[in-house]
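Peer 1: Have a look; sequence and predicted model below, questions after that.
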Amino acid sequence: QVRIVESGGGLVQPGGSLRLSCQASGNIFNLHTMAWYRQAPGKQREFVAQITRSHDAYYVDSLKGRFTISRDNAKNTGYLQMNSLKPEDTAVYYCNVEFQTDTEQGRVQDAWGQGTQVTVSS
């Protein structure tokens with residue numbers, strides 16, 4: 001079983017920064033793409049950014065320059081650095097991870113974390 005846990009959310013003033021973490025644990029054989037999504041109140045979940053195992057990063061156009069995705073393969077952990085935060089960035093941020101397990105190495109699966117709340121407000 002693979003577990004995904006996000007952390008690092010909180011309340012921050014406009015213009016501030018936060019760094020989210022996404023920790024994958026369990027019987028992981030290989031970790032593939034790690035992605036961040038967010039869901040604001042009353043809205044659909046939307047893609048934020050993703051990073052491949054080889055560190056190729058992709059962002060939604062509207063967030064380029066403010067958000068930076070990274071990962072540490074040795075720690076099975078991904079990060080989302082968020083700068084110059086705006087009230088419209090307020091949302092629950094979710095991590096999605098693609099992986100192979102020790103017992104099913106031929107199958108790529110994915111899992112979601114429980115989300116971490118980010119609130120940008122003065």
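Peer 2: Thanks, I have it. Remember, predicted model here, so these are calculated numbers, not experimental data.

Peer 1: all contacts plus neighbour counts: C-alpha atoms, from now on.
Peer 2: Noted.

Peer 1: Touching, Tyr93 and Pro41? I think so.
Peer 2: No. If you go by C-alpha atoms under 8 Å, Tyr93 and Pro41 don't touch, sitting 11.6 Å apart.

Peer 1: roughly how far apart are the nearest residue to Leu18 once chain neighbours are set aside and Ala49?
Peer 2: Closest residue to Leu18 apart from its sequence neighbours, by C-alpha to C-alpha, 6 or more residues apart in numbering: Met82 at 5.3 Å. Taking C-alpha to C-alpha, to the nearest Å as the measure, Met82 and Ala49 are separated by 11 Å.

Peer 1: again, but for Thr68
Peer 2: According to C-alpha to C-alpha, Thr68 and Ala49 sit 8 Å apart.

Peer 1: Neighbour count for those two, which is higher?
Peer 2: Ala49 (23 against 20; other C-alpha atoms under 10 Å).

Peer 1: which stretch of helix or strand covers the more buried one?
Peer 2: Per DSSP states H and E: Ala49 is located in strand 46-51.

Peer 1: which outside residues touch that strand?
Peer 2: 33-39, 57-60, 63, 69-71 (C-alpha atoms under 8 Å, 6 or more residues apart in numbering).
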